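*Asks:* sequence below, structure please.
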Amino acid sequence: MLKLVVLISGGGSNLRALLEATRDADYPARVIAVGADRDAEGFEHAEAFGIPTFTVPFSSFADREAWGDELLEQIRSWQPDLVVLSGFMRLVPPRVVEAFSPRLINTHPAYLPEFPGAHGVRDALAAGVDETGASVIVVDDGVDSGPILRQERIPVLPGDTQASLHDRIKPVERRMLVQTILDIATGTIDLTEKTPA
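*Replies:* Residues are numbered from 1 along each chain as shown. Predicted structure coming up:
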């Protein structure tokens, strides 16, 4: 059984999908803790499933390195098999990447390497492309630049706004995250072959 620590910053819709998947006794992973860099709405999902939560507020630390050190200690205390960034909106410091990668994965609302960074949906619309996508990657020290584990194309429709396009991407991200973790747990995806670039 794969033990997961999930990090969130917002509403936690991917977290919710993952928690629902773990209701199935045959799903070979369990969320053992949920962390955030702020008081995130998504903690409600963790609480509903009886999952412990922790917060490491960025504003409470002198710099990114000090924050990262505390984040690292909090995650390590749970001894996870896999750390999942699920709508976590901060770049994790190199020390955290070094400690966990390649067992540190992230979802991204674009077909990487297209449109990396915090505004993948907005950037795709601004570029006027006909399609974008969603990706699940191994986190490395770059910005959305790690090895790609799974991705899928999603069309950009006439009249799409950031909200409407993101609303179509999110269900794909959720499905891919649940499947990717299943594949990691069953050995279909071998993370030892996925070292950061």
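*Asks:* use CA for all of it now, contacts and neighbours both
*Replies:* OK.
*Asks:* quick check: mean pLDDT of the longest helix along the chain?
*Replies:* Using DSSP state H to define each element, the chain has its longest helix at helix 162-186. Mean per-residue pLDDT for helix 162-186: 97.
*Asks:* and that helix, how far out from the chain's middle?
*Replies:* 10 Å (Cα atoms, centre = their mean, to the nearest Å).
*Asks:* packing partners for that helix?
*Replies:* Counting contacts by 3 or more Cα pairs under 8 Å, 6 or more residues apart in numbering; DSSP states H and E, helix 162-186 packs against helix 13-21, strand 29-36, strand 104-108, helix 120-127, strand 131-138, strand 148-155.
*Asks:* what's the angle from it to helix 13-21?
*Replies:* For helix 162-186 against helix 13-21, the angle by axes from the mean of the first three to the mean of the last three Cα atoms, to 10 degrees is 40 degrees.
*Asks:* what does helix 162-186 contact?
*Replies:* Residues outside helix 162-186 that contact it (Cα atoms under 8 Å, 6 or more residues apart in numbering) are 1-2, 13-14, 17-18, 21, 27-29, 107-109, 121-122, 125, 133-136, 149-152, 154, 156-157, 189-191.
*Asks:* out of those residues, which are buried?
*Replies:* Neighbour-count burial (16 or more other Cα atoms under 10 Å) applied to those gives 2, 13-14, 17-18, 21, 27-29, 107-109, 121, 125, 133-136, 149-152, 154, 156, 189, 191.
*Asks:* residue 70 belongs to a strand?
*Replies:* No - the assignment for residue 70, made by DSSP: H, G, I helix; E, B strand; the rest coil, is helix rather than a strand.
*Asks:* and residue 156, how far from residue 123?
*Replies:* 12 Å (Cα to Cα, to the nearest Å).
*Asks:* give the contact list for the closest residue to residue 99 other than its chain neighbours.
*Replies:* Nearest non-adjacent residue to residue 99, counting by Cα to Cα, 6 or more residues apart in numbering: residue 72, 8.0 Å away. Contact analysis of residue 72 by Cα under 8 Å, 6+ apart lists 95-96, 99.
*Asks:* equivalent analysis for residue 34, please.
*Replies:* Applying Cα under 8 Å, 6+ apart to residue 34 gives the contacts 5-8, 43, 46, 51-54.
*Asks:* pLDDT weak spots in the chain?
*Replies:* Applying pLDDT under 70 to the chain flags the ranges 194-197.
*Asks:* hang on, the earlier thing: can you list the contacts of residue 72 in a markdown table and add secondary structure, neighbour count and distance to residue 38?
*Replies:* Output for the contacts of residue 72, formatted as a markdown table (DSSP: H, G, I helix; E, B strand; the rest coil; neighbours: other Cα atoms under 10 Å; distance: Cα to Cα, whole Å):
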| residue | secondary structure | neighbour count | distance to residue 38 |
| --- | --- | --- | --- |
| 95 | helix | 13 | 20 |
| 96 | helix | 22 | 18 |
| 99 | helix | 12 | 22 |
